[in-house]
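> got a predicted model here, sequence first, then my questions.
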Amino acid sequence: MKIISFHHFNVLYLQNKKHNDMKTEKFNCIPFIIENTWLMGMDRGWGNGYVAIPENHPLFGKDYNDKIKCDLSKVKFNGNYVGLFCGSLEKDDKSEMSIDMVIDVHCGITYSDEYDKLRMSNAEPIEKELPTGKYWVFGFDTAHFEDTSENWPKEKVIEETMKLKEQLESFSITV
């Protein structure tokens, strides 16, 4: 049995492993931000927040729409109404939810892909240097309804990015 837990909830996966094999990892995640310069003429937040996760992270390579099993009673709604609506249409397994609905970040995760330094050439590191090597990135944006530069300045984008980083870093596995 493999239990994956986040800051606000627990996710349960079953595997063909012994129940008493315990392994807990802390992941070295790298936060960065990118100013929103591609929606000119439209009021929106300062920019987007991203967190790069290493290859040994259980979410590495997963799309933000991928479903994971979770205890829905412990999932905090993150303001992602589109994801909530789409998820409610799929009624196969009530214990599954997409990653973008499970992680508590502004309006859910809206980006997941392999880190590409050329595509992210405008990236600004928050704590240290930008990723080098193979990383997978999850991110959120501040271009939703009622997101403005006044209520989503750069400082608030950094704060929300650090919240995302904490959740991804504390994502632990007990095998």
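Yep, that arrived.
> can you give me the buried ones in stretch 144-163?
Buried residues in stretch 144-163, counting neighbours by 16 or more other C-beta atoms under 10 Å, are found at 144, 147, 152, 157-158, 160-161, 163. Where C-beta positions appear, they are placed from N, C-alpha and C, glycine not excepted.
> try stretch 35-46
Neighbour-count burial for stretch 35-46 flags 36, 44-46 (criterion: 16+ other C-beta under 10 Å).
> quick one: average pLDDT of stretch 134-142?
Mean per-residue pLDDT for stretch 134-142: 96.
> pull the most distant pair out of the buried residues of stretch 144-163.
Using C-beta to C-beta, the pair of these lying farthest apart is 144 and 158, separated by 17.9 Å.
> narrow the buried residues of stretch 144-163 to those in helices?
157-158, 160-161, 163 (DSSP state H).
> export stretch 143-159 as CSV, just CAs?
Provided in CSV are the C-alpha atoms of stretch 143-159 (Å, rounded to 0.1, in the frame of the first residue of the first chain):
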residue,chain,number,x,y,z
ALA,A,143,-5.4,35.7,-15.6
HIS,A,144,-8.8,34.5,-14.3
PHE,A,145,-12.0,36.4,-13.9
GLU,A,146,-11.4,39.3,-11.4
ASP,A,147,-7.6,38.8,-11.4
THR,A,148,-6.1,42.2,-11.6
SER,A,149,-2.7,43.8,-11.2
GLU,A,150,-4.1,45.4,-8.0
ASN,A,151,-5.2,42.1,-6.3
TRP,A,152,-2.4,40.0,-7.8
PRO,A,153,0.8,42.1,-7.6
LYS,A,154,4.2,40.4,-7.9
GLU,A,155,4.6,40.0,-4.1
LYS,A,156,1.3,38.0,-3.9
VAL,A,157,2.3,35.8,-6.9
ILE,A,158,5.6,35.0,-5.1
GLU,A,159,3.6,34.2,-1.9
